[in-house]
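Participant: Sequence isn't available, so here's the structure alone:
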């Protein structure tokens with residue numbers, strides 16, 4: 001194998017590794033953004049539920065339990 005071929009092989013391996021790193025980085029970025037969005041929505045839902053009137057909250061929870069077929 002000539003030095004030219006070895007250099008090309010080394011360059012291709014480097015490109016593959018770099019491409020994998022970029023893809024992994026993008027994947028992790030999207031996953032982190034998704035987790036942050038879910039946490040924000042969860043906090044908003046919990047805040048909304050905490051401020052809801054107790055009677056309405058209790059009624060909605062009991063509706064599914066008290067219904068019989």
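Facilitator: Yep, that arrived. Just so it is clear, the structure is predicted and the values come from calculations on it, not from any experiment.

Participant: C-alpha only now, for contacts and for neighbours.
Facilitator: Fine.

Participant: I'd like to know how far residue 10 sits from residue 43.
Facilitator: When distances are taken as CA to CA, to the nearest Å, residue 10 and residue 43 turn out to be 49 Å apart.

Participant: ditto for residue 50
Facilitator: Taken as CA to CA, the spacing of residue 50 relative to residue 43 amounts to 10 Å.

Participant: shared neighbours, these two?
Facilitator: None of the residues lies in contact with both residue 50 and residue 43 under the rule CA atoms under 8 Å, 6 or more residues apart in numbering.

Participant: Centre of the chain to the helix or strand harbouring residue 36, how far?
Facilitator: When elements are assigned from DSSP states H and E, residue 36 belongs to helix 3-51. On the basis of CA atoms, centre = their mean, to the nearest Å, helix 3-51 sits 10 Å off its chain's mean C-alpha point.

Participant: Look up phi and psi at residue 2.
Facilitator: Main-chain dihedrals, residue 2, degrees, to the nearest 10: phi -80, psi 170.

Participant: Next one: it, what pLDDT does it get?
Facilitator: Per-residue confidence at residue 2 stands at 90 (pLDDT).

Participant: So, low pLDDT: which residues of this protein?
Facilitator: Along the chain, segments meeting pLDDT under 70 span 54-69.
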